[in-house]
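Enquirer: here is the input, now give the coordinates:
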Amino acid sequence: MPSDTILLFTRNGLGDGPAELQAKLAGIYLSLLNQSGSLPAKILFYTDGVKLACTGSPVLDQLRLIESQGVELILCKTCLDYYGLGDQVAVGIVGGMPDIIEAMEKAGKVISL
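Expert: This next block holds a predicted model:
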């Protein structure tokens, strides 16, 4: 994955299946991404996607590992506030829509998951 690639999580998991399956798929995806040695520049989280980076998420270990390798994780503040999760952020930084727009504009490729 080129270093100017951005991943975008807008769901609390991957796909449109049952919540348990979405969470399982997200965990598998992030684990394999870690193992690939080819990480994105940033991962952006908004709408339901912010829940992946909050307390209780089943993918926190994978996200912490990705972050420890220099990938910037940005969570939408408006979305966190909407869901009442502002005090439950467990990984990444809280940003706003301007941060998300800037990251997308600078990206060579944006992959929405």
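
Enquirer: apart from its neighbours in sequence, what residue is nearest K109?
Expert: The shortest distance from K109 to any non-neighbouring residue, by Cβ to Cβ, 6 or more residues apart in numbering, is to T5 (4.7 Å). Just so you know, the C-beta spots here come from the backbone N, C-alpha and C atoms, and that holds for glycine as well.

Enquirer: who's in contact with that neighbour?
Expert: 40-41, 107-111 (Cβ atoms under 8 Å, 6 or more residues apart in numbering).

Enquirer: now do stretch 76-87: distance to the chain's middle.
Expert: Taking Cα atoms, centre = their mean, to the nearest Å, the mean C-alpha location of stretch 76-87 is offset from the chain mean by 14 Å.

Enquirer: let me redo that: stretch 68-80
Expert: How far stretch 68-80 lies from its chain's middle: 7 Å, per Cα atoms, centre = their mean.

Enquirer: so, low pLDDT: which residues of this protein?
Expert: 1-2 (pLDDT under 70).

Enquirer: all helices of it, in order?
Expert: Taking DSSP state H to define them, one finds helices in the chain at 19-36, 60-68, 77-83, 97-106.

Enquirer: tell me what angle the first one forms with helix 60-68.
Expert: Relative orientation of helix 19-36 and helix 60-68, computed by axes from the mean of the first three to the mean of the last three Cα atoms, to 10 degrees: 30 degrees.

Enquirer: residue numbering should commence at 803 henceforth.
Expert: Let's use 803 as the start, then, which means that last one is helix 821-838.

Enquirer: list the contacts of L854.
Expert: By Cβ under 8 Å, 6+ apart, the residues touching L854 are 811, 814-815, 828, 847, 861, 865.
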